[in-house]
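Engineer: quick check, what structure comes out for this input:
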Amino acid sequence: MTKIPPSENFDLNSWYLGVPIDLNNDKKSDSIYETELNNGYELEDYFYTHPIDGGLVFRVPVDAPKTSNGTSYTRTELRGMLRQGNKNISTKGVNKNNWVFSSAPTSEQTKAGGVDGVLEATLAVNYVTRTGSNSQVGRVIIGQIHANDDEPVRIYYRKLPGNNKGSIYFAHEPRTGSEQWYELIGSKSSSASDPSDGIALNEKFSYKIDVKGNSLTVSIARPGKSTLSRKIDMSNSGFDESGQYMYFKAGVYNQNNTGNSSDYVQATFYSLKASHTGYAY
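Structural biologist: The predicted structure follows:
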């Protein structure tokens, strides 16, 4: 097929993109905001349309500029932007750029760009790191909800170098207390055996993140197989309090900073859709 930019196949007006380059020399990775992103932006090697199947390719190496000094890992990742290019609305805060849970105070729901949220994606992970420490090799985050400082959910794909298939698991990080881990396919263990029902590289699958109030459900679907889901209660996680705002993220967030500098992760997305109650786009 003819080479076209990602915005020809995907509506990117409600996202900005973090890319692993630093063209403005500010010592952190660059951000491509909604209007530019949805107007034909592409970045060779890192963010582009697959020339054969039309999927949206995300790639990031181990060694690259990061989003901030407080971030340990590299990423090529979209961040939800409900403001759709209206720069009069701040990126951060309980405002029309972000969303809140329906368990949040009514006043917060009125200020937010949307209430509750569903993120659905179909993708294939094409490559994961093969070098680095045992605790980090082969890991990548492919979708998440981010709050002010914490992550209500992070979905991981992990394939160890000696295995043919990968695992899917997710983390829930409450505002206080320890992270909680949930395995959907295979194991998150750094010594996991090859998961019999695992997902191979280049195998298409879908994930869904569904938040209703303090209820979070993560689902994994594959053609010809039963959908796997896990529902958790976030009532004690602190995200329903005033001042807490949410945004979705999707792409590849590498979780290995110990591998060879040229090692990388890559995934191709074939569909990506976010929706919220009260958000018209």
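
Engineer: am I right that S206 is in a strand?
Structural biologist: Yes: counting by DSSP: H, G, I helix; E, B strand; the rest coil, S206 is part of a strand.

Engineer: ok, it to L228 distance?
Structural biologist: When distance is defined by C-beta to C-beta, to the nearest Å, S206 is 11 Å away from L228. From N, CA and C alone the C-beta is placed, and that goes for glycine too.

Engineer: got it, and D263?
Structural biologist: D263 is 29 Å from L228, by C-beta to C-beta.

Engineer: okay, these two: which has more neighbours?
Structural biologist: D263 (19 against 14; other C-beta atoms under 10 Å).

Engineer: quick check: neighbours shared by S206 and L228?
Structural biologist: Residues touching both S206 and L228 (C-beta atoms under 8 Å, 6 or more residues apart in numbering): I220, A221.

Engineer: residues in contact with stretch 153-166?
Structural biologist: 125, 128, 130, 137-145, 167-173, 185-186, 188, 190, 192-201, 207, 209, 216, 218, 255, 267.

Engineer: same thing but at 7 Å, please
Structural biologist: In this structure, residues lying in contact with stretch 153-166 by C-beta atoms under 7 Å, 6 or more residues apart in numbering are 125, 128, 130, 137-145, 167-172, 188, 192, 194-195, 198-201, 207, 209, 216, 218.

Engineer: quick one: low-confidence ranges for this protein?
Structural biologist: Where the chain drops to pLDDT under 70, the residues are 1-2.

Engineer: which one's the longest helix in it?
Structural biologist: Longest helix in the chain by number of residues (criterion: DSSP state H): helix 106-111.

Engineer: thinking again about what came up before, mark which of the contacts of stretch 153-166 are buried, thanks.
Structural biologist: 125, 128, 130, 137-145, 167-172, 188, 192, 195, 198-199, 201, 207, 209, 216, 218 (16 or more other C-beta atoms under 10 Å).

Engineer: in strands only, show me those.
Structural biologist: Taking DSSP state E as the definition of strands, these contribute 125, 139-145, 167-172, 207, 209, 216, 218.

Engineer: if you count contacts, what does the longest helix of the chain end up packed against?
Structural biologist: Helix 106-111 is packed against no helix or strand, with contacts defined by 3 or more C-beta pairs under 7 Å, 6 or more residues apart in numbering; DSSP states H and E.

Engineer: got the buried residues for that helix?
Structural biologist: Result for helix 106-111 [16+ other C-beta under 10 Å]: buried residues E108, Q109, K111.

Engineer: what's next to it, contact-wise?
Structural biologist: V94, N95, V100, S102, V115, S242.

Engineer: which of these fall within helices?
Structural biologist: Using DSSP H, none of those sit in helices.

Engineer: just curious, which of the residues you listed is nearest to G85?
Structural biologist: Comparing those against G85 with C-beta to C-beta places N95 closest, at 14.5 Å.

Engineer: right, and that closest one touches I89 too?
Structural biologist: Yes: contact criterion C-beta atoms under 7 Å: N95 and I89 qualify, at 5.7 Å.

Engineer: reformat the contacts of helix 106-111 as JSON lines; add distance to L12.
Structural biologist: Compiled in JSON lines, those are given as follows (distance: C-beta to C-beta, whole Å):
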{"residue": "V94", "distance to L12": "24"}
{"residue": "N95", "distance to L12": "21"}
{"residue": "V100", "distance to L12": "23"}
{"residue": "S102", "distance to L12": "27"}
{"residue": "V115", "distance to L12": "23"}
{"residue": "S242", "distance to L12": "31"}
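
Engineer: in strands only, show me the residues you listed.
Structural biologist: Using DSSP E, these in strands are V100, V115.

Engineer: pull out the buried members of the contacts of helix 106-111.
Structural biologist: By neighbour count, with 16+ other C-beta under 10 Å, the contacts of helix 106-111 hold V94, V100, S102, V115 as buried.

Engineer: for those residues, work out which two are farthest apart.
Structural biologist: Across the buried ones among the contacts of helix 106-111 (C-beta to C-beta), the longest gap, 13.7 Å, separates V94 and S102.
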